[in-house]
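> Okay, structure incoming, though there's no sequence with it:
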């Protein structure tokens, strides 16, 4: 079945460092791909999304490109801030799901040191 | 933007009691709402999908008689945990999909349930 695999955390970086969180997926056809962020004590917020191959989603300095050939959707940011500390979830919405069911990865906890 | 609220944000109850959690879409009509459960430091697991005016569709392994879902209007869905036990303690999150054809889900802030 469809699934999402993302790098295990926790990931700890210094402020202004470059961030990459890897995400790969297994799915039929062209699912929609998402990154969600969960700040401490809060629910999930959509960070960015891409709906077709080669699309680049971007928001708040974060970017991710839909790579069909490598079935990947890696999250990147050029210079992280302390406020980026959160848990990041890669997710997909299967093509076959008329109800837009979302399948989540296990999450990656990111901690940024001042 | 689309806002989803949940109430209550935290609830503590005694074992054997029932707890109702509300999920509301505040500025849009949600034909479909989803209920997730999140264990500490783990991902979200979909429990059920609910469509307004019809019975919810439960994921495999989720007891529909224990987790009662009602989607009575286009802006409100409720999850009732019946006869709660300590193992039901978790973070419950709802989401709502806005309109036909859209695939973006907007998530509520979650409800932390603690069963003593």
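Alright, I've got the coordinates. What you see is a predicted model; the values in this text were computed from it and never measured. Numbers count the residues shown, from 1 in each chain, chains lettered A, B, ... in the order given.

> What sits closest to the residue nearest in space to the middle of chain B if chain neighbours are left out?
Geometric centre of chain B, nearest residue: residue B:35, 3.6 Å, by CA atoms, centre = their mean. Counting by CB to CB, 6 or more residues apart in numbering or on different chains, residue B:47 is the residue found nearest to residue B:35 once chain neighbours are left out, at 4.6 Å. All C-beta spots, glycine's among them, are computed from the backbone N, C-alpha and C.

> burial count for that neighbour?
As a burial measure, residue B:47 scores 24 neighbours (other CB atoms under 10 Å in any protein chain shown).

> now residue B:44
Residue B:44 - counted by other CB under 10 Å - has 29 other residues nearby.

> what does residue B:114 give?
Counted with other CB under 10 Å, residue B:114 comes out at 13.

> same deal with residue B:7?
As a burial measure, the neighbour count of residue B:7 was computed by other CB under 10 Å and equals 14.

> these two touch, right, it and residue B:22?
Yes - using CB atoms under 8 Å, residue B:7 and residue B:22 qualify as a contacting pair, with a distance of 4.7 Å.

> The helix or strand where residue B:23 lies close to chain A?
Following DSSP states H and E, one finds residue B:23 within strand B:19-25. No - between strand B:19-25 and chain A, judged by CB under 8 Å from any CB of the partner chain, nothing touches; the nearest distance is 10.6 Å.

> what does that strand rub up against?
Contacts to strand B:19-25, defined as CB atoms under 8 Å, 6 or more residues apart in numbering or on different chains, come from residues B:2-8, B:11, B:13, B:33, B:35, B:74-81, B:84, B:92, B:94, B:96, B:98, B:106, B:108, B:111, B:113.

> let's see 6 Å
By CB atoms under 6 Å, 6 or more residues apart in numbering or on different chains, the list of residues contacting strand B:19-25 from outside reads B:4-7, B:11, B:13, B:75-81, B:84, B:92, B:94, B:96, B:108, B:111.

> Low-confidence bits of the chain, can you list those?
Since no chain was named, I'll use chain A. In the prediction, chain A carries residues with pLDDT under 70 at positions A:96-100.

> Can you look at chain B instead?
Scanning chain B with the threshold set as pLDDT under 70 gives B:1, B:99-103.

> At which residues are the strands of chain B located?
In order along the chain, chain B carries the following strands (DSSP state E): B:4-7, B:10-13, B:19-25, B:30-38, B:44-51, B:57-58, B:67-73, B:76-81, B:90-98, B:105-107, B:111-115.

> go on, chain A?
When assigned using DSSP E, the strands of chain A occupy the ranges A:3-6, A:11-14, A:19-21, A:23-26, A:32-38, A:44-50, A:56-59, A:62-65, A:75-77, A:86-93, A:103-104, A:108-113.

> Now distance to residue A:6 too, for the strands of chain B, in CSV please.
Converted to CSV, the strands of chain B look like this (distance: least, CB to CB, whole Å):
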stretch, distance to residue A:6
strand B:4-7, 24
strand B:10-13, 29
strand B:19-25, 26
strand B:30-38, 16
strand B:44-51, 13
strand B:57-58, 26
strand B:67-73, 27
strand B:76-81, 27
strand B:90-98, 19
strand B:105-107, 18
strand B:111-115, 24
